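Enquirer: any chance you can model this:
(one chain, ligands or ions: 3)
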Amino acid sequence: MQTLIHCITLLLSVVLSSVRLSWLHVSVINALCARVLLSLQVTMALIRLLTRLSGYVHLKQGLECLGASSQSTRLQQHTAAHSSSCNYQLLPDCLELSYGGLVMHFDYVWLRDHCRSASCYNSKTHQRNLDTASIDLNIRPLKSRVDENTLFLTWPDGHITRYSLTWLAQNSYEGQKRSAVQPRILWSADIYSSAQVPSASWDKFMSCDEELKNFLNNFLLYGIAFVEGVPPTLEATETATQRVSLIRETMYGRMWNFTSDFSRGDTAYTKLALDRHTDTSYFQEPCGIQVFHCLRHEGTGGRTLLVDAFHAADAVLQRTPENFELLSHVPIKHEYVENLSEHRNHMIGIGPVINVYPWNNEVYMIRYNNYDRSVINTVPHDVVRRWYTAHRQLTAELRRPDNELWVKLKPGKVLFIDNWRVLHGRESFTGLRQLCGCYLTRDDVLNTARSLGLQA
Ligand SMILES: C[N+](C)(C)CCCC[C@H](N)C(=O)O
Ligand SMILES: O=C(O)CCC(=O)C(=O)O
Ligand SMILES: [Fe+2]
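Expert: Numbering: from 1, shown residues only. Ligands and ions are numbered 1, 2, ... in the order given. All right, here's what the predicted structure looks like:
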């Protein structure tokens, strides 16, 4: 039954993400699903209680076993009889557990290593005490049993480990694989505009955690978020960013305030148009977040371009998986060479254009900067040719006019961009244009989000 509900929830979210619905709609439907799930859980608990009262409790007591694999069949039959929700068996190389509609496999060394008893784990510091290197790599439990919520394993030295079944489900490979590390809404200009994502307002943003939480929630979902009503000064911009995270100082400084004076050896410091790109792609770890605040512009042009590169990467994956594969595996070098008298820098970053988590293929970072991309010399010529084809397809997706969100930054309106996901660019301009901002450390932004109860 739970599997069925999970499937329906999953199906609904897939349908929802392909239809253009606002975040509000998504959360309303999620809340409804959660309610259905809750009432089902109550029903299941009642059924379990009735089952227990009607004498099945004897079968459960028979679950105590001596761990030999010859016993596993008997064990499976008994557990299957006592509860529809949990069933396990000790296979030669792993423990197979089926619980909550999920079939999971746990390696025995992993199980010993993840013992949360007081001697193995310090629950005050959340740190492991157990010396992993002391575990026999051929270890197997001597005894095992399960009750309503807990699996008990007795190890050869007599040590007993208890695992909560929900903890196992949440922390299993199979459980991790089917849920996104970070839920997001992929967008085209139209999807983003119709979602009507509100900007945070400066006063509330500074004083109220709920406003900060909403702001971060939008930032995590869309990769961009705005604060409005900020005093048009570098100091106020700095104050706003410090509400979210720590500033990441780079060779451009801590807070920067720049015009088209070519004070640095980079096109950003001119009046020229800049095609969509990620910044600091030439760092081994590109800056996680970029903040922009336009303090002044007396002239024409200079609009900011924003493109959701995860949306574009997803289109490549759907249409031509082999191109996605190339973009996520071929290592590419980006480089920054600055040779001005006051500034000498040489930065190198190497990594694929699309970076994915290896266990679930979820995209977590894109480096895309054709200006700063350096010599390709990490793969043979035939792979180079296929890579160029793949890169062309990604570029075509990134350049689709319906993926381009154009905004004119105004004094008072601070823009936060997820530099691992959303590309930025700008239109050429005339006149005096002054932009200030900074980079933020990604870990600290996510830390703030998690401390407010968000999944990040
Ligand atoms: C933002 N700020 C003005 C400080 C620097 C701009 C750096 C631009 C560089 N080409 C890059 O993409 O990393
Ligand atoms: O001038 C702008 O709007 C942005 C320039 C740019 O790409 C940058 O500073 O990173
Ligand atoms: Fe940039």
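Enquirer: okay, and F219 sits in which element?
Expert: helix 209-222 (DSSP states H and E).
Enquirer: parallel or antiparallel, list what pairs with the next helix-or-strand element following that helix.
Expert: Next in sequence after helix 209-222, counting helices and strands by DSSP H and E, comes strand 224-228. With DSSP bridges as the test, strand 224-228 is paired with strand 200-201 (parallel), strand 414-418 (antiparallel).
Enquirer: the helix holding F219 versus strand 224-228: what angle between them?
Expert: Orientation note: helix 209-222 sits at an angle of 150 degrees relative to strand 224-228 (axes from the mean of the first three to the mean of the last three C-alpha atoms, to 10 degrees).
Enquirer: can I get the strands paired with strand 224-228 in a markdown table including mean pLDDT, mean neighbour count and distance to ligand 2?
Expert: For the C-beta atoms, the positions are set from N, CA and C on the backbone; glycine is no exception. What follows is the strands paired with strand 224-228, written out as a markdown table (pLDDT from 0 to 100; neighbours: other C-beta atoms under 10 Å; distance: least, C-beta to the nearest ligand atom, whole Å):
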| stretch | mean pLDDT | mean neighbour count | distance to ligand 2 |
| --- | --- | --- | --- |
| strand 200-201 | 98 | 22 | 21 |
| strand 414-418 | 98 | 24 | 9 |
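Enquirer: okay, now the residue lying closest to G302 once chain neighbours are set aside: neighbour count?
Expert: Sequence neighbours aside, F429 is the residue nearest to G302 in space, at 3.3 Å (criterion: C-beta to C-beta, 6 or more residues apart in numbering). Other residues within reach of F429, judged by other C-beta atoms under 10 Å, total 18.
Enquirer: who in the stretch 151-300 of the chain is up against ligand 1?
Expert: Within the stretch 151-300 of the chain, the positions adjacent to ligand 1 are 252, 256, 258, 266, 268, 277, 279-280 by C-beta under 6 Å from any ligand atom.
Enquirer: just those residues: which are in strands?
Expert: 256, 258, 277 (DSSP state E).
Enquirer: out of those, who's nearest L295?
Expert: F258 (10.3 Å; C-beta to C-beta).
Enquirer: show me the contacts for the closest one.
Expert: Residues in contact with F258, defined by C-beta atoms under 8 Å, 6 or more residues apart in numbering, are 264, 268-269, 434-436.
Enquirer: in the stretch 251-400 of the chain, what residue lies closest to ligand 2?
Expert: A268 (3.9 Å; C-beta to the nearest ligand atom).
Enquirer: ok so, going back, quick one: which of the residues of the stretch 151-300 of the chain next to ligand 1 is most hemmed in?
Expert: Using other C-beta under 10 Å as the neighbour criterion, T280 leads those with 24 neighbours.
Enquirer: and that one, what does it touch?
Expert: 250, 286-287, 347, 349, 419, 439.
Enquirer: what about D275, helix or strand, and which?
Expert: strand 274-277.
Enquirer: can I see the domain layout of this structure?
Expert: Domain assignment for the chain by automatic domain parsing gives 58-178, 189-451.
Enquirer: span of the last one from start to end?
Expert: The stretch domain 189-451 measures 31 Å between its terminal residues, going by C-alpha to C-alpha, to the nearest Å.
Enquirer: neighbour count and secondary structure added to the contacts of T280, as JSON lines?
Expert: Listed next are the contacts of T280 as JSON lines, based on neighbours: other C-beta atoms under 10 Å; DSSP: H, G, I helix; E, B strand; the rest coil:
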{"residue": "T250", "neighbour count": "16", "secondary structure": "strand"}
{"residue": "P286", "neighbour count": "23", "secondary structure": "coil"}
{"residue": "C287", "neighbour count": "20", "secondary structure": "coil"}
{"residue": "M347", "neighbour count": "17", "secondary structure": "strand"}
{"residue": "G349", "neighbour count": "20", "secondary structure": "strand"}
{"residue": "N419", "neighbour count": "26", "secondary structure": "coil"}
{"residue": "Y439", "neighbour count": "26", "secondary structure": "strand"}
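Enquirer: for those, give me TSV that also has distance to ligand 2 and pLDDT.
Expert: Shown next, in TSV, are the contacts of T280 (distance: C-beta to the nearest ligand atom, whole Å; pLDDT from 0 to 100):
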residue	distance to ligand 2	pLDDT
T250	11	97
P286	12	98
C287	10	98
M347	14	98
G349	16	98
N419	9	98
Y439	10	98
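Enquirer: farthest-separated two in those?
Expert: Pairwise distances across the contacts of T280 (C-beta to C-beta) peak at 15.0 Å, for the pair M347 and N419.
Enquirer: centroid residue for this protein?
Expert: Among the residues of the chain, the one closest to the centroid is Q182, at 3.3 Å (C-alpha atoms, centre = their mean).
Enquirer: follow-up on the earlier one: most packed of the domains of the chain?
Expert: Mean neighbours per residue, mean count of other C-beta atoms under 10 Å, is largest over the domains of the chain for domain 189-451, with a mean of 17.
Enquirer: now find how far off-centre that one is within its chain.
Expert: Counting by C-alpha atoms, centre = their mean, to the nearest Å, domain 189-451 is centred 16 Å from the centre of its parent chain.
Enquirer: near ligand 2, which residues of the stretch 251-400 of the chain? Just list them.
Expert: Looking at ligand 2, the residues of the stretch 251-400 of the chain close enough under C-beta under 6 Å from any ligand atom are 268, 274, 279, 304.
Enquirer: pretty sure the first one contacts L274?
Expert: Yes. Using C-beta atoms under 8 Å, A268 and L274 qualify as a contacting pair, with a distance of 6.7 Å.
Enquirer: check contacts around the closest residue to ligand 1 within the stretch 101-250 of the chain.
Expert: Per C-beta to the nearest ligand atom, the residue of the stretch 101-250 of the chain with the smallest distance to ligand 1 is T250, at 7.3 Å. T250 makes contacts with 280, 283, 287, 439, as judged by C-beta under 8 Å, 6+ apart.
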